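[1] Need a 3D model of the sequence below.
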Amino acid sequence: MRKKLKIWIEAMRLRTLPVSLSGVLMAIGIAVWQNHFKWMPAVLCLVFALLAQVVSNFANEYYDFKHGADKKGRVGPRRGVTEGDIKPVTLRNATYATLALACAVGCALIPYGGWQLVPVGVLIAVFALAYSAGPYPLSYHGLGELTVFVFYGIVPVFFSYYVIAGRIDALAVLGGITIGFMGVNVLLVNNYRDMDDDIDAGKRTAVVIFGRKLAAVAYLFNGFMAIAMLSPLWLIIYLNKNMPVWTYAVPALYLMLHVVTWIKLMRRQGAALNPLLGATARNMLIFTILMLVAFVM
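    Purely as a prediction, here's the structure:
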């Protein structure tokens, strides 16, 4: 029983879940800071975001197996369906069952955000699958990073804030762009590590198209752009003096962790890159948690 549970936890890819969690935390922080916070839609947004990412992770593993992109003994983390630990049909059924659960949670948000959330939810569901599935899987055609930027950055922050606060705000857009840049870096590390396997499988990720050197430059650039996008916030804090002084240390801490992780990225190869996937997601989560604390205070 414990072994089966471990296999399914691996399939959920817990190291990547901070990507979806961070977007909602950023929205919650902004809503609290502006005195527009409501706890029930905030909890529902968190649950929906996590379920949507699990759907995407399950679908990615299942359809990568179907496309032959994952092989036994791969450099990256173990894949249960590839190694024969999970039956393909079981993982497929789990994918769509989790999708149905995410849709149910999404419907519970309609009283807070209105029926206009329905097309947004449909798009999220479609792109969660289209990342790896369908006649034109996005991750196989260099569009994975763009998908992550939009659906793990802009969309969760902007719409979570809209549902929680009942209004729209430019700061939520900037926060979404910030989270988008950080989230793209998690995918970049993954594809940086898997480049050789992806070439063999005919999977044309952005790293395959542009090469590891440019991918490493993009990784470093994304971290600095993420912080730069919130420059209006730093200015507001300075002018209004309504947040703790240590808030200014949050972007500095993130950039320090980011540069350290980037240096390791440049120096490592193969399986040694695996911890950097979690480190990149960790840096992102640390930033959003500290920002949440600052917003609350």
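[2] all helices for the stretch 151-297 of the chain, in order.
    Assigned by DSSP state H, counting those that start in this stretch, the helices in the stretch 151-297 of the chain fall at 155-165, 170-193, 195-201, 206-210, 212-228, 231-240, 249-267, 274-296.
[3] can you pull the contacts of residue 215?
    188, 191-192, 206-207 (CB atoms under 8 Å, 6 or more residues apart in numbering). Heads up, the C-betas are built off the backbone N, CA and C, glycines and all.
[4] Apply 10 Å and report the result again.
    145, 185, 188-189, 191-192, 195, 205-209, 265 (CB atoms under 10 Å, 6 or more residues apart in numbering).
[5] related to what we said a few turns ago, would you tell me which one of the helices of the stretch 151-297 of the chain is buried the most?
    Highest mean neighbour count of these: helix 155-165, a mean of 26 (counted as mean count of other CB atoms under 10 Å).
[6] where in the stretch 101-250 of the chain is pLDDT low?
    238, 240-243 (pLDDT under 70).
[7] If we use 80, what do you get?
    The stretch 101-250 of the chain contains residues with pLDDT under 80 at 134, 201, 233-247.
[8] secondary structure element for residue 41?
    Using DSSP states H and E, residue 41 sits within helix 39-67.
[9] thinking again about what came up before, could you check the helices of the stretch 151-297 of the chain and tell me which one is nearest residue 66?
    Among the helices of the stretch 151-297 of the chain, the nearest to residue 66 by CB to CB is helix 195-201 (11.5 Å).
[10] Now do the same contact list for residue 165.
    Residue 165 touches 27-28, 30-32, 34-38, 41-42, 112, 172, counting by CB under 10 Å, 6+ apart.
[11] what about 6 Å?
    Residue 165 sits next to 31, 36 when contact means CB atoms under 6 Å, 6 or more residues apart in numbering.
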